[in-house]
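Undergrad: Structure for the following, please:
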Amino acid sequence: SMLSMAWTFSSSVEEYALIHDSQDDLYVENPEDEMPVTGSGKNISLITMRGKAYDDENWEEILDCLTVQEMYDMIRLGGWQTMAIDSISKPMSSDQDGPAGISGELIMSNVDCMGYPNQMVLASTWSRELSRHFGEVMGRENVSFSGNVQLGAQFDINRIPHFGRGRDMLGEDPVLAGELAAEQTKGIQEQGAIATLKHFAAYTQSGSPLVSADCHVDEQTLHEMYLRPFEAACSRGGAGAVMCTYNKINGKWAASNPYLHQYVLRDLWGFEGMVMSDWGATHRLCTHLGMDIEMPYGMYNSDERILQGIEQGKLTWDDVDLACRHVLNGLASCGYLSLVQLDDQGEVISDEGRTVPIHTTDTYRDDVKNGMLDEDAETAYEVDVKGITLLKNDNAMLPLKPEDTVAAIGLGAVHLVSGYDQERSFRRIN
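TA: All right, here's what the predicted structure looks like:
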């Protein structure tokens with residue numbers, strides 16, 4: 001775990017690299033591939049898998065309940081949601097954007113969210129405890145809006161000061177970022193929302209479906225620098241979801257990268273949750289390359305392309321089945337399904353002494369009346385105060401007075417050094 005560690009890998013890395021290099025023409029020789037059992041009609045509820053191990057034998061029965069169309073819908077319709085699945089009594093999950101709180105534009109209603117300090121300020125506190133609280137208030141507000149998935153925490157390493165998304169990263173130090181990432185992930189998920197770690201991986205410059213950078217990085221630097229916060233959030237934070245990035249890594253798209261999504265996440269770290277693309281980040285059919293959900297919809301992982309890929313030998317039904325398992329396991333291991341326990345008959349056990357009822361409905365109005373935003377404002381203020389670093393205050397320059405004027409001079413007066421890109425919410429600042 002030390003930065004000086006020399007990484008050694010098994011031959012499986014070469015196998016993943018071979019798949020990656022030849023993926024456009026990849027043909028899967030699997031004569032035993034056959035259609036899985038679908039639509040079994042056993043009517044088993046997903047909630048019965050709450051807290052069950054990833055390799056629990058009952059997962060097979062859950063997956064057998066799914067119809068083919070339900071399997072398609074689960075992995076191709078990822079725009080701010082996962083679909084409701086009738087056959088296993090799975091409610092639709094609602095995803096809210098982040099990472100500095102809840103992005104109100106996705107809630108589609110006229111509400112206020114707390115205006116939190118950005119994560120760069122949080123990192124400046126050097127406080128595991130505050131990072132945990134930061135995650136808790138995000139998770140609490142998410143669930144208050146009947147949300148289930150927090151699309152961010154953002155755990156990229158900040159390398160370029162002019163990068164507009166840099167304000168929402170936890171700085172340049174991978175050790176510090178890892179410590180804070182693990183705690184923030186725990187805080188989000190303790191409130192009943194799933195933490196989605198983004199952007200995986202090496203996201204250091206602006207990217208979009210149309211414009212993306214190519215990050216050239218050696219393997220040791222990739223692991224010790226760029227992947228370290230994600231590893232901490234997965235291994236110690238227990239994250240339920242990971243979001244890929246727009247950029248390429250060494251010439252290969254990160255969104256269809258079996259080295260990252262299968263070898264690193266699954267084999268090295270033991271990650272058992274779901275992997276989703278960023279908005280429009282996919283460039284090819286990639287269900288078989290470790291991508292479980294495509295956002296915003298199945299542009300490449302569509303029903304037709306998946307079926308065509310199976311017929312052409314590019315992927316198998318096992319790949320589709322596995323993607324569904326990852327999604328359902330992520331939902332069952334944390335998020336709203338983790339807030340209840342069941343008895344031997346599958347009934348919800350009454351949690352004696354619980355003061356807050358379990359809701360999957362919108363409780364925002366009542367929560368605000370009961371002081372949720374005021375309490376969250378206290379955390380936001382504490383992060384601000386402890387994150388500010390004042391090196392020198394000649395002539396009592398700070399704090400500024402209302403009658404003071406400030407001149408902005410130079411390049412920074414025209415182009416903000418840290419940014420204004422994306423994911424800012426309609427929120428209040430106390």
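Undergrad: Tell me the pLDDT of residue 48.
TA: Confidence at residue 48, expressed as pLDDT, is 84.
Undergrad: low pLDDT regions in the protein?
TA: 1-33, 103-111, 206-211, 336, 338-343, 345-361, 412, 414-430 (pLDDT under 70).
Undergrad: can you give me the helices in the stretch 51-200 of the chain?
TA: 58-65, 68-76, 119-124, 128-144, 174-190 (DSSP state H, counting those that start in this stretch).
Undergrad: For residue 310, which of the ones you listed is the nearest?
TA: helix 68-76 (11.2 Å; CB to CB). (Each C-beta comes from the backbone N, C-alpha and C, glycine too.)
Undergrad: Need the residue closest to the centroid of this protein.
TA: residue 196 (1.5 Å; CA atoms, centre = their mean).
Undergrad: Need the nearest residue in space to it, chain neighbours excluded.
TA: residue 241 (4.1 Å; CB to CB, 6 or more residues apart in numbering).
Undergrad: ok, residue 382 - contacts?
TA: When contacts are counted by CB atoms under 8 Å, 6 or more residues apart in numbering, residue 382 is found next to 130, 133.
Undergrad: quick one, phi/psi of it?
TA: Phi and psi for residue 382, reported as degrees, to the nearest 10, are phi -60, psi -40.
Undergrad: so how far is residue 144 from it?
TA: 20 Å (CB to CB, to the nearest Å).
Undergrad: repeat for residue 128
TA: The gap separating residue 128 from residue 144 is 25 Å, by CB to CB.
Undergrad: So for the two, which sits in the more crowded spot?
TA: Neighbour count, other CB atoms under 10 Å: between residue 128 and residue 144, residue 144 has more, with 24 against 15.
Undergrad: for that one, what are its contacts?
TA: 362-364, 367, 372.
Undergrad: Recalculate using a threshold of 10 Å.
TA: Each residue near residue 144 by CB atoms under 10 Å, 6 or more residues apart in numbering is listed here: 102, 111, 113, 191, 193, 359, 362-368, 372-373, 376.
Undergrad: What subset of the residues you listed is buried?
TA: 102, 111, 113, 191, 193, 362-364, 367, 372-373, 376 (16 or more other CB atoms under 10 Å).
Undergrad: Export the residues you listed as CSV, with columns for distance to residue 73.
TA: What follows is those, written out as CSV (distance: CB to CB, whole Å):
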residue, distance to residue 73
102, 26
111, 28
113, 29
191, 27
193, 22
362, 24
363, 28
364, 28
367, 31
372, 33
373, 35
376, 35
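Undergrad: thinking again about what came up before, let's see which of the contacts of residue 144 end up in strands.
TA: residue 113 (DSSP state E).
Undergrad: Just the terminal-to-terminal distance for stretch 137-152.
TA: End-to-end distance for stretch 137-152: 13 Å, by CA to CA, to the nearest Å.
Undergrad: and what of stretch 159-171?
TA: Stretch 159-171: ends 8 Å apart by CA to CA.
Undergrad: Report the buried residues of that stretch.
TA: By neighbour count on 16+ other CB under 10 Å, the buried set for stretch 159-171 is 159, 163-171.
Undergrad: What of stretch 52-59?
TA: So, applying 16+ other CB under 10 Å, buried residues of stretch 52-59: residue 59.
Undergrad: count of neighbours near residue 325?
TA: The number of residues packed near residue 325 is 18, by other CB under 10 Å.
Undergrad: who's in contact with it?
TA: Residue 325 makes contact with 54, 59-60, 62-63, 272, 274, 292, according to CB under 10 Å, 6+ apart.
Undergrad: helix, strand or coil for it?
TA: helix (DSSP: H, G, I helix; E, B strand; the rest coil).
Undergrad: returning to that earlier point: show only the entries of the buried residues of stretch 159-171 found in strands.
TA: Per DSSP E, those never map to strands.
Undergrad: As CSV, these with distance to residue 304 would be great.
TA: Shown next, in CSV, are these (distance: CB to CB, whole Å):
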residue, distance to residue 304
159, 40
163, 37
164, 36
165, 34
166, 39
167, 40
168, 36
169, 38
170, 41
171, 44
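Undergrad: for the residues you listed, which one is nearest residue 203?
TA: For the buried residues of stretch 159-171, the nearest to residue 203 is residue 165 (7.6 Å; CB to CB).
Undergrad: how near is the closest one to residue 279?
TA: Applying CB to CB, the value for residue 165 to residue 279 is 13 Å.
Undergrad: List the residues that contact the closest residue to residue 245 other than its chain neighbours.
TA: Excluding the flanking residues, the one nearest residue 245 by CB to CB, 6+ apart is residue 199, at 3.5 Å. Taking CB under 10 Å, 6+ apart as the criterion, residue 199 is in contact with 152, 154-156, 165, 169, 207, 230, 242-247, 254, 278, 281.
Undergrad: Verify the contact between residue 205 and residue 161 for me.
TA: No - assessed by CB atoms under 10 Å, residue 205 is found out of contact with residue 161, at 11.5 Å.
Undergrad: Can you list the buried residues in stretch 377-389?
TA: Per 16+ other CB under 10 Å, stretch 377-389 contains these buried residues: 377, 379-380, 382-384, 386-387.
Undergrad: Same list, those residues, but as TSV with distance to residue 298 please.
TA: Converted to TSV, the buried residues of stretch 377-389 look like this (distance: CB to CB, whole Å):
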residue	distance to residue 298
377	40
379	39
380	38
382	43
383	39
384	42
386	44
387	41
